[in-house]
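Peer 1: Just to be clear, the model below is a prediction. Sequence and coordinates:
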Amino acid sequence: MTSASSAKRIGGNNNNERSNREGLKGWLNPIKYGWERVSYWFQRLTGIFLLVYFIGHVYETSSLVNGPDAWAAMLEMTQTIGGHLFLILVIGASTFHSVNGIRLIFTHSGQGLGKPGRPDYPYDPASINNRQRSGLWIAFVLTAVAMLYGANVLFSGGE
Amino acid sequence: MVQMFFLVEESESQKMTAANIENNSKKKSNKNNRLSRITILRESQIMKIHYITGVGALFVVAVHIMMRLIMPYNMSLEYENVILNYKNIFYSLLLESILVLIAIHGFNGLRIILLELRQNEIWEKGVNILVILGLIGVIAYGTRTIIIANGLSMG
């Protein structure tokens, strides 16, 4: 069997691309996959959000080289309620990304995955266990705590 | 006897040719390996770099945020105070390390996400080139700010 016909057999075209590819829709679909899937796309969404913020922050701080007026004008944009709320989102995103990232480093190195076992009904994978779940919940709780602390500092002026 | 001599010689020459072909192919594959080693890092190595830059960034960003919180937040953002921070060589180095670590981690993360969404040679090469250009651009722009702010006068 040629590679082209085998590609057709699995429902794809001649470029070996599957026609049933879900793309971004499949990536964002949390149904049937549980909290692990939510953490999967939260990790990616927070990552993209933080990269955009990082590029914006590098641009924002570059106003420093144009003197005190340019710096004050740029700072004024962030010293609003909207600016503060945006920064609280940044704090939440960075906390979740960091804590969940540490969990993922451990998971990728094989820690906390449990022992492999025979696949018996109802086929619960050993890797999705309480240790993994608790890591997820710790990430969510720490995110909430960091956002509350950030809100307190930003809205009280840190005094 | 003469026949036997020819047979031996023939097998010797066959051996020589086979050895030559093997040598040539070994040389070729060595060249290819060397080239691939120069141009491309293995994904496992890139992932290690991703984790190391992530953990590194966590520590340096923590110091960066603490510098904003050692005095009232609004006061720490005043122009004179920020310039003073930039004039401190250790703080400038810390900012540069934040810039490099987060740029590598962030752009590689973006590369991983984009390669997960689609896989073909053109897409992968395009993503790699764009990510490297973005990485270099952000590091260059941020470094420019650090260098200029470090040399600015307070007046």
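Peer 2: Noted; the coordinates are in hand.
Peer 1: Pick out the residue closest to the middle of chain A.
Peer 2: In chain A, the centroid-proximal residue (CA atoms, centre = their mean) is residue A:43; its distance is 1.7 Å.
Peer 1: and it, what does it touch?
Peer 2: A:96, A:97, A:100, A:101, A:104 (CB atoms under 8 Å, 6 or more residues apart in numbering or on different chains). (Each C-beta comes from the backbone N, C-alpha and C, glycine too.)
Peer 1: I'd like the residues you listed as CSV, with distance to chain B appended.
Peer 2: Output for the contacts of residue A:43, formatted as CSV (distance: CB to the nearest CB, whole Å):
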residue, distance to chain B
A:96, 13
A:97, 9
A:100, 11
A:101, 6
A:104, 9
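Peer 1: now, which of these lie within helices?
Peer 2: A:96, A:97, A:100, A:101, A:104 (DSSP state H).
Peer 1: And the closest residue in space to the last one that isn't next to it in sequence, how far from residue A:23?
Peer 2: By that I understand residue A:104. Take residue A:104 and drop its neighbours on the chain: the residue closest to it by CB to CB, 6 or more residues apart in numbering or on different chains is residue A:43, 7.1 Å away. Counting by CB to CB, to the nearest Å, the separation of residue A:43 from residue A:23 is 18 Å.
Peer 1: Now flag whichever of the ones in helices among the contacts of residue A:43 is closest to residue B:134.
Peer 2: Comparing the ones in helices among the contacts of residue A:43 against residue B:134 with CB to CB places residue A:97 closest, at 18.9 Å.
Peer 1: any idea how far residue A:86 is from that closest one?
Peer 2: From residue A:97 over to residue A:86 (counting by CB to CB), the distance is 16 Å.
Peer 1: Then residue B:41?
Peer 2: Counting by CB to CB - residue B:41 and residue A:86 are separated by 35 Å.
Peer 1: where in the chain is pLDDT low?
Peer 2: With no chain named, the answer covers chain A. A:1-21, A:157-159 (pLDDT under 70).
Peer 1: if you could check chain B rather than the one you did, that'd help
Peer 2: Looking at chain B by pLDDT under 70, you get B:1-39, B:152-155.
Peer 1: most centrally placed residue in it?
Peer 2: residue B:104 (6.7 Å).
Peer 1: residue boundaries of the helices in the chain?
Peer 2: Reading this off chain A. A:3-9, A:24-28, A:34-61, A:68-78, A:81-108, A:130-156.
Peer 1: was after chain B, sorry
Peer 2: B:2-39, B:43-69, B:73-76, B:79-87, B:89-117, B:121-151.
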